[in-house]
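coords below, sequence missing:
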DNA sequence: ATGAAAGCGCTAACAG
DNA sequence: CTGTTAGCGCTTTCAT
């Protein structure tokens, strides 16, 4: 194994000079630097990570805690993970992957053994037991998701509340007055998953603002679940002319069922979703949707912890603005309600 | 920060005693051990990972190289990743996650800086440039997937060749004599992805053995791609009565299209797939399928590198036996061919 | 602009 | 059964 001492000897300089060439923390004469770099290349030297970590208290590793069974669509989860890895690499960091099931102890372990410089935690629940641990850790951290009390923590997420509202705004703007919401499976809400509740809140608030009749149901992604959800929606009030779907996995079954029931999209029913662009565009009818900007969220979270490592912790909630992309699944309602008090044309 | 010296002082023993209590590498009197453990707990001591790595040349970390854009179904990829993390944790190891795009240099980096004790590489291509690097690395490694020349490497995978054959066997056993194969997108084959070719080879071999007419087509997972694939299949020969699908992502569109074309499954067409159980069971018709045992493969790969760390490198190819699960999508062909030379009943 | 040397916290001989 | 100590390879003062 080639050590820094080998390089120093080979380049006829001291060990510290080699170290400083690598870190750039003090000026080196051009000539010396050339010689050192040549030796490094020639010998194929790579600094030992453990020794570095021990001497500098910096590992250049950040930990990412990933859910085992996700409340979100798995491909989107994957995008978060690869997004974090890619962003971390751009900051000269590697990523240590932990799973949710290690819980609080997992955080304590990697932080306490100094395996990591910082932590990023996904799939945050409203009242997550890990929050208190993160607040007390010496390492900076960032959450992907926003808990009930984000004080003292850096959080990044899509603004799901606005996302829910934007979907309603779009439908209401087209003239829809009866709007249904098809959400995640019931357990997701029971668990207090933050983004699910925020979306629902945004949906309800916007529906109220627009004076639209709104009903919402939970939904499992299989055919049976979707049928049940649609039935519940009908039972809850007047037949909706527009649907907001916050359940990416249920979309294929939903379109399948509507199709075989003879419901045409968007002629008979408009559908707006919160889902990946990929999903929105691979379905039989391209779906008007707010996408989840996973890469952006991931890189923003990495930036947050990097700032923390740089000494400017700046906790706070950073919400990304939702962007609705209009596709073929939304249009004017079949029988637009008479314009009340509108100027006659 | 609490160090081993603090613990030693607190327990009135030497540093080495604390170290040995933790490692169990020499016998300690029960009384001393109790005292040391009590001090560890009381002080909340956690050994510093960097110091450990430096002194012992063991990081207790293994690197996992994950594809960025996978040839496989993303949820299955995810299962591999979580499977590796879970198995690694069971062996007291953490997982450093790298992405494919770091290529050969990524392997050299984590291995050369001694960040990791071992490596697991996914999504291996027939002639992967990383293989030569892995063979030369001092750290043990395991591949998930089997390249053209696996010599000197530990490889784990489902036996895709047999999987392809098993699907044909099942259909042929039911009496099907015209069998189509719907595969992955064309680029997957062009790229030389090993499991795709192996499956196809198994399919072809078995069809030949059974004397069945067989045609195969590549397929993208969208509706257009599936329609095109079906058309190609028809153009290639007689209308198949059975289909083997090795493209999990295309299954929903396939069933959708067949459904709207009035093709009933399994009455008019039997469908057998190689896909996750989850997918097989969430479609409108439960699909007879060979599942990819991702967790098993992952834990087998972890076991392989752990053996390597234990000094018994044992390279070689370990193929898991495919298991076909019969569901509703396969049945006797509509018009069974007359039994030639079979005893009349 | 460069060098010498004191640690960083731990493991594992070596010595009883 | 336990203690002493020499490194592991690097970063970072402190000197010059």
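It's in. A quick note: this is a predicted structure, and the numbers were derived from the prediction, not measured.

which residues does residue A:223 contact?
Residues counted as contacts of residue A:223 (C-beta atoms under 8 Å, 6 or more residues apart in numbering or on different chains) are A:253, A:256, A:257, B:282, B:284. Quick note: C-beta positions are derived from backbone N, CA and C, even for glycine.

which of these are close to DNA strand D?
Among the contacts of residue A:223, no residue lies close to DNA strand D (C-beta under 7 Å from any atom of the strand).

can you put those residues in JSON lines and add distance to residue B:41, neighbour count and secondary structure?
JSON lines is the format used below for the contacts of residue A:223 (distance: C-beta to C-beta, whole Å; neighbours: other C-beta atoms under 10 Å in any protein chain shown; DSSP: H, G, I helix; E, B strand; the rest coil):
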{"residue": "A:253", "distance to residue B:41": "52", "neighbour count": "24", "secondary structure": "helix"}
{"residue": "A:256", "distance to residue B:41": "57", "neighbour count": "21", "secondary structure": "helix"}
{"residue": "A:257", "distance to residue B:41": "57", "neighbour count": "17", "secondary structure": "helix"}
{"residue": "B:282", "distance to residue B:41": "47", "neighbour count": "20", "secondary structure": "helix"}
{"residue": "B:284", "distance to residue B:41": "56", "neighbour count": "20", "secondary structure": "coil"}
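
farthest-apart pair in these, please.
The widest separation within these, taken as C-beta to C-beta, falls between A:257 and B:282 and amounts to 13.3 Å.

what about the residue nearest to residue A:303 when sequence neighbours are not counted, how many neighbours?
With C-beta to C-beta, 6 or more residues apart in numbering or on different chains as the criterion, residue A:303 has its nearest non-adjacent residue at 7.4 Å, and that residue is residue A:87. Neighbour count of residue A:87, defined by other C-beta atoms under 10 Å in any protein chain shown: 23.

in the helix or strand residue A:87 falls within, what counts as buried?
Using DSSP states H and E, residue A:87 maps to helix A:74-90. Across helix A:74-90, burial judged by 16 or more other C-beta atoms under 10 Å in any protein chain shown covers A:74-89.

show me what it is packed up against.
Applying 3 or more C-beta pairs under 8 Å, 6 or more residues apart in numbering or on different chains; DSSP states H and E, one finds that helix A:74-90 contacts strand A:61-66, strand A:94-99, helix A:294-309, helix B:74-90, strand B:94-99.

contacts only, for the most centrally placed residue in chain A.
Centrality entry for chain A: nearest residue to the mean C-alpha point is residue A:294, 4.7 Å, by C-alpha atoms, centre = their mean. By C-beta under 8 Å, 6+ apart, the contact list for residue A:294 reads A:76, A:79, A:80, A:83, A:276.

just say helix, strand or coil for residue A:27.
Counting by DSSP: H, G, I helix; E, B strand; the rest coil, the backbone at residue A:27 sits in coil.

returning to that earlier point: tell me the one of the contacts of residue A:294 nearest DNA strand D?
For the contacts of residue A:294, the closest approach to DNA strand D (C-beta to the nearest atom of the strand) belongs to residue A:83, at 28.0 Å.
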